[in-house]
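Visitor: predicted model, plus sequence, below.
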Amino acid sequence: MARYHGNAGAVYIGTGAGAVASPITAAAEWSLDMATDRVDCTAFNDSNKQFVSGLENISGSIAGFWDDTVDTLYDAMQAIGGVNMYLYPSTSVATKYWYGPAWVDMSISAGVSDAVKFSGIFQASGTWGQF
């Protein structure tokens, strides 16, 4: 089992529905949350709580440093119909990634003692998979 440093991660995102995804410049982190709905179906006389699984709720976040020459995340947020996303834990293993269509929101922040940063959240707008 190999382990990797996070500095080779990448986020690729399209700027419109069906658009080819390209890397987000100056992205510094991402997270992918794949929680599954659980529904309590405990009945009278059960010896403990019981649950059934529902659907995955795929969502996550991205963050990095603003680059005034690139509007990829902003364009993705404005896209009607969502965008295609690809999340690479390490580009050293380019054959291992998560992917799917997503709705994207973004924020930007600036502070007197900090770099200008962007952040964004996303939620699945269709089926996601993993290679």
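Guide: Great, that's in hand.
Visitor: is the residue sitting furthest away from the middle of the chain in a helix, a strand, or coil?
Guide: Most distant residue from the mean C-alpha position of the chain: Asn45, 41.9 Å away (C-alpha atoms, centre = their mean). Taking DSSP: H, G, I helix; E, B strand; the rest coil as the rule, one finds Asn45 in the coil state.
Visitor: can you check Tyr74 too?
Guide: helix.
Visitor: mind listing what's buried in stretch 6-25?
Guide: For stretch 6-25, the neighbour count (16 or more other C-beta atoms under 10 Å) marks Gly9, Ala10, Val11, Tyr12, Ile13, Gly14, Thr15, Ala21, Ile24 as buried. The way it works is simple: take the backbone N, C-alpha and C, and place the C-beta from them, glycine included.
Visitor: middle-most residue in this protein, spatially?
Guide: Gly60 (4.1 Å).
Visitor: beta-bridge partners for it, please?
Guide: Leu32, Phe122 (DSSP bridges).
Visitor: quick one: low-confidence residue ranges for the chain.
Guide: Nowhere does the chain drop to pLDDT under 70.
Visitor: other SSEs contacting whichever helix or strand Met77 is part of?
Guide: Using DSSP states H and E, Met77 falls within helix 72-78. Applying 3 or more C-beta pairs under 8 Å, 6 or more residues apart in numbering; DSSP states H and E, we find helix 72-78 packed against strand 10-13, strand 98-109, strand 117-124.
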